[in-house]
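1. I need the structure of the sequence given here:
(2 chains)
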Amino acid sequence: KNQVEQSPQSLIILEGKNCTLQCNYTVSPFSNLRWYKQDTGRGPVSLTIMTFSENTKSNGRYTATLDADTKQSSLHITASQLSDSASYICVAGGNSGGGADGLTFGKGTHLIIQP
Amino acid sequence: EAQVTQNPRYLITVTGKKLTVTCSQNMNHEYMSWYRQDPGLGLRQIYYSMNVEVTDKGDVPEGYKVSRKEKRNFPLILESPSPNQTSLYFCASSLLGQGAKNIQYFGAGTRLSVL
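-> Numbers count the residues shown, from 1 in each chain, chains lettered A, B, ... in the order given. Here you go, the predicted model:
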């Protein structure tokens, strides 16, 4: 069964500090790894998408890494800001072979930035 | 502005009273889908559509119907809502369903309570 596990479940850090969120996935066949940011009461917004052949992808202060051999990904946030407070969702995409989007969603890491 | 629009944003109804949640996108995307998000669970796909008049079941389709008569619209229909359908619903669209680089765009969500 395809699964995506994220850790930690929640995290509190001070404004200006860096943090790293972890994602382990078991999706086969594996195609791509996505990170989304979801603000409270809003829909998820795409941060990064990496194919299985990519190791890293940046979007401003967000940097995602991917190790397809160990089936692990991380999202590093640099110099955190209050607006980074949100849930961060890791999503593993597989080639489902059918019409479904083949995406398996993690439960998310709830990040709180304190002033 | 590229967007996915859901209506209503909030809905309280009673068991058995038919309802429709509308979804519209202005990006000419072929692929649209519906998800539900429940506490402690990741997003789960309800139904998807690869193009006009083409729809199929996702992971949790029971109790839901959809239609795709026009490319831009993908309404979610609950013929006889039950309390276990109380959830946060998201509509999403992307250029194609299975492309590794295809960004999914999500609506703002519809919070449904069935009493």
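
2. residue ranges with poor pLDDT in the chain?
-> Looking at chain A here, since you left the chain open. Low-confidence segments of chain A (pLDDT under 70): A:95-101.

3. actually, chain B is the one I wanted.
-> Judged by pLDDT under 70, chain B has its weakly predicted residues at B:97-100.

4. so which bits of it are right by chain A?
-> Residues of chain B lying close to chain A by CB under 8 Å from any CB of the partner chain are B:4, B:31, B:33, B:40-45, B:48, B:50, B:54, B:56, B:58-59, B:90, B:92, B:94, B:97-98, B:100-101, B:103-109. Where you see a C-beta, it was placed from the backbone N, CA and C, and this is true even at glycine.

5. which of the residues you listed fall within strands?
-> If you go by DSSP state E, the residues of chain B next to chain A have B:4, B:31, B:33, B:44-45, B:48, B:50, B:54, B:56, B:90, B:92, B:94, B:105-106 in strands.

6. nearest to A:Ile113, of the residues you listed?
-> Closest to A:Ile113 out of these is B:Phe106 (22.5 Å), distances taken as CB to CB.

7. what's the nearest residue to that closest one if we skip its chain neighbours?
-> A:Gly43 (3.3 Å; CB to CB, 6 or more residues apart in numbering or on different chains).

8. ok, now A:Thr104?
-> Counting by CB to CB, 6+ apart, the residue nearest A:Thr104 is A:Asn2, at 4.4 Å.

9. now A:Glu54
-> Excluding the flanking residues, the one nearest A:Glu54 by CB to CB, 6+ apart is A:Leu66, at 6.2 Å.

10. so what's that neighbour up against?
-> By CB atoms under 8 Å, 6 or more residues apart in numbering or on different chains, A:Leu66 lies in contact with A:Leu33, A:Met50, A:Phe52, A:Glu54, A:Asn55, A:Thr56, A:Lys57, A:Gln72, A:Ser73.

11. how many residues are close by the fifth one?
-> So the one you mean is A:Asn55. Other residues lying near A:Asn55 total 10 when counted by other CB atoms under 10 Å in any protein chain shown.
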